[in-house]
Structures are given as structure tokens and as C-alpha cells.
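S.K.: Have a look at this fold, sequence not included:
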């Protein structure tokens with residue numbers, strides 16, 4: 001099943017913003033949810049972050065859509081933790097999402113540019 005093409009717009013901005021951050025953070029390999037949040041915060045120099053209450057519902061949605069898959073691992077003293085990784089559909093969707101963001105941001109920059117620029 002190939003995921004739907006992302007359609008960026010003001011109504012879907014937050015959804016696609018979060019998807020792009022999380023999926024791109026998984027490109028380097030499987031990670032636990034908490035590690036994903038730390039990686040995104042570090043890569044964005046603290047500009048983007050996830051709270052526990054928003055991160056996991058998004059991960060569960062991405063998993064349900066087949067864009068990522070999770071597997072439980074026994075971490076010893078830490079108990080069981082779920083590691084997430086991109087699926088092939090997730091890789092394709094991320095590629096399309098990047099393309100959509102590039103077009104959206106180009107259009108946005110054009111709309112808000114200074115007069116005479």
C-alpha cells in the first residue's frame with residue numbers, strides 16, 4: 001500500500017510538520033520514542049520539541065498508517081521499550097513530504113516577500 005501524497009496547507013501544517021520531523025529522525029535507524037524527541041531537539045538546536053502527551057499518539061498514528069513499525073525490546077532494568085523504524089512506505093512518504101514542504105516553503109516565502117524584492 002502506497003501512502004497518500006501529502007497535501008500541505010494551513011489546515012494540515014502541524015500534522016505534516018510533526019510527521020516530517022519524526023520520519024526524518026528515523027532515517028538514521030531505529031530509535032525509541034524518547035530518543036527521537038531528543039534527536040529532534042538537538043538537531044533543531046532546541047527549536048522543536050515533543051512532549052510525552054503529543055509524541056506517542058503521533059507515533060501510534062504513523063505506525064497504524066504503516067509508515068513506521070515498532071517492536072518491543074527488553075531493556076533490562078528499564079523494562080520494555082518500543083523501538084520504531086521506517087517502513088518502505090514511510091521512506092516513500094518522507095520523500096514526497098520533503099518535496100511538498102520544499103514547494104510549500106517556496107510559495108510561502110514568495111507570498112511574504114518584501115515589496116520590490
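M.R.: Looks like it arrived, so ask away. Source: prediction; values computed, not measured. Numbering: from 1, shown residues only.

S.K.: and residue 84, what element?
M.R.: strand 80-86 (DSSP states H and E).

S.K.: Now that strand: buried residues?
M.R.: By neighbour count, and taking 16 or more other Cβ atoms under 10 Å as the criterion, the buried residues in strand 80-86 are 82, 83, 84, 86. Quick note: C-beta positions are derived from backbone N, CA and C, even for glycine.

S.K.: now, the most widely separated pair of those residues?
M.R.: Within the buried residues of strand 80-86, 82 and 86 form the most distant pair, 14.5 Å apart (Cβ to Cβ).

S.K.: so how far is residue 74 from residue 23?
M.R.: Residue 23 sits 26 Å away from residue 74, taking Cβ to Cβ, to the nearest Å as the criterion.

S.K.: Those two: which is more packed in?
M.R.: residue 23 (22 against 8; other Cβ atoms under 10 Å).

S.K.: Shouldn't that one be within a helix?
M.R.: Yes. The assignment for residue 23, made by DSSP: H, G, I helix; E, B strand; the rest coil, places it in a helix.

S.K.: Measure how buried the residue nearest to it when sequence neighbours are not counted is and give me the count.
M.R.: With Cβ to Cβ, 6 or more residues apart in numbering as the measure, residue 94 is the residue that lies nearest to residue 23, at 4.3 Å, once sequence neighbours are left out. In terms of burial, residue 94 registers 21 neighbours under the definition other Cβ under 10 Å.

S.K.: for residue 94, what are its contacts?
M.R.: 20, 23, 24, 27, 86 (Cβ atoms under 8 Å, 6 or more residues apart in numbering).

S.K.: Throw the residues you listed into CSV and include pLDDT and distance to residue 47, thanks.
M.R.: Output for the contacts of residue 94, formatted as CSV (pLDDT from 0 to 100; distance: Cβ to Cβ, whole Å):
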residue, pLDDT, distance to residue 47
20, 96, 14
23, 97, 18
24, 97, 14
27, 96, 19
86, 98, 23
